[in-house]
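Colleague: Need coordinates for the below:
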Amino acid sequence: MGERVTIREVAARAGVSVATVSRVLAGNYPTSTASRAKVLRAVKDLDYVANAHARALAGAGRKTIAVLMFDVVGAFYAQVAQGVEMEAAQRGRLTLVASTGSDPARELALVQMMREQAAEAVMLVGGVIQDDEYRQRMARYAEALAAAGSRLVLCGRPAPTPDVPALVVEYDNEAGAHAVTSHLLGAGHRRIALLGYEPGNTTGEDRLAGYLRALDDHGVPRGEAVLHGTGFGQNHGYQAMRELLAEADGRPDFTAVFAGDDRAAAAAIIALREYGLRVPEDMSVVGYNDDPVAGDITPGLTTVHIPAEEMGRTAVRRALSGSPRTGQERHVLGTHIVIRDSVRRVPSSGSGAVVR
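Modeller: Below you'll find the predicted structure:
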């Protein structure tokens, strides 16, 4: 009384194996008419209800989509996960989410585990630092997933190699960085500090490329670039801004800051205020992602909007579209600037290079 009937009890009542019961319930394996009738009668007699979560975790019917991301706290990752979950639920899939902490070894281990669990698609979200060993192993896992009828989906990051069999759903990262840097240059800024540059990180490299291309397009020598190599997020943004201000004794020779993401930008604003500098009167600041914090802080942060939720939805739609899984498929979504109050116009000026 009150206890869930198990699949073993159904098999015993029907006089068939557990595997046969599983095949009948999945509905996508051939079974004899007699066996099917026995199983369905036992299910009715015992009032058996399949545990959908357990079946999905076991890979039954390939109803699982795995999402692996840096963390589940950042707004970008949460929005991508929301898009995946909403689209997956509409298509009868269960979503599994795991965080990697930007650890390539942990990410590779999770991909392997999800492959063993027969996930229908394994999604990797956000940037990663790639080396040759990482690229080779990920290419092998992508091939193994494809051979098993599954799919590797890269969401917001490029493919490790041009021929890896994966679905790539990206936003135009470089174009967003180019646009927001051009916005600062158009407001008269010539020395713009780039925070968040992390050598080898796929996200950071694209944003650096867009930043440098904007300098080139506006006739600003690359020697005017102010680069500070650090990661993304609140802690890195605060530390990087404090370091730059300390080196300049609180009187920086740059007039604008392009932070790697909005959390870093918000932290940089705090550091600037600690040195008595106002935004945007003394320093203009822009970010990237268009996280909720961008509209909540004072002044409102000018930033680049990423279609994060739509990227998650698109990744699921394309992964389940039934398109060939032997080659690489790529979709790029657009970005745009959201202009708020953190940038002011200044007279342009020339000065020497500061590159860190």
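
Colleague: Next, L167: phi, psi?
Modeller: When quoted as degrees, to the nearest 10, the phi and psi of L167 stand at phi -100, psi 120.

Colleague: That one: what's it in contact with?
Modeller: Shown in contact with L167 (CB atoms under 8 Å, 6 or more residues apart in numbering): A121, R151, L152, V153, L154, A315, R318, A319, Q328, E329, R330, H331. Every C-beta, even on glycine, is put in place using the N, C-alpha and C of the backbone.

Colleague: I'd like those as a markdown table, with secondary structure appended.
Modeller: Formatted as a markdown table, these follow (DSSP: H, G, I helix; E, B strand; the rest coil):
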| residue | secondary structure |
| --- | --- |
| A121 | strand |
| R151 | coil |
| L152 | strand |
| V153 | strand |
| L154 | strand |
| A315 | helix |
| R318 | helix |
| A319 | helix |
| Q328 | coil |
| E329 | strand |
| R330 | strand |
| H331 | strand |
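
Colleague: so the residue nearest to R135 when sequence neighbours are not counted, which of the three states?
Modeller: Once flanking residues are discounted, R135 sits nearest to P160: 3.9 Å by CB to CB, 6 or more residues apart in numbering. What three-state DSSP gives for P160 is coil.

Colleague: Would you mind measuring from P160 to G196?
Modeller: Going from P160 to G196 by CB to CB, to the nearest Å gives 22 Å.

Colleague: where along this structure do the helices fall?
Modeller: Taking DSSP state H as the test, the helices found in the chain are 7-14, 18-26, 33-46, 52-57, 75-90, 104-116, 132-147, 173-186, 202-217, 234-247, 262-274, 292-296, 308-319.

Colleague: which stretches of the chain have low pLDDT?
Modeller: Within the chain, the ranges that satisfy pLDDT under 70 run 1-3, 26-29, 49-62, 322-326, 348-356.

Colleague: Show the contacting residues for the residue nearest to V316 when sequence neighbours are not counted.
Modeller: Among residues not flanking V316 along the chain, E87 sits closest, at 3.9 Å (CB to CB, 6+ apart). By CB under 8 Å, 6+ apart, the contact list for E87 reads G312, R313, V316, R317.

Colleague: The second one: neighbouring residues, count only.
Modeller: In terms of burial, R313 registers 21 neighbours under the definition other CB atoms under 10 Å.

Colleague: What's opposite L68 in the beta bridge?
Modeller: Judged by DSSP bridges, the bridge partners of L68 are A98, L124.

Colleague: so it sits right up against V111, yeah?
Modeller: Yes: contact criterion CB atoms under 8 Å: L68 and V111 qualify, at 7.0 Å.

Colleague: Can you give me the distance of R151 to E224?
Modeller: For R151, the distance to E224 - CB to CB - is 44 Å.

Colleague: Looking at the two, which is more packed in?
Modeller: Neighbour tally, R151 and E224, criterion other CB under 10 Å: the higher count belongs to R151, 24 against 17.

Colleague: which residues does the closest residue in space to D217 that isn't next to it in sequence contact?
Modeller: Once flanking residues are discounted, D217 sits nearest to S182: 7.0 Å by CB to CB, 6+ apart. Taking CB under 8 Å, 6+ apart, we find S182 in contact with A214, D217, H218.
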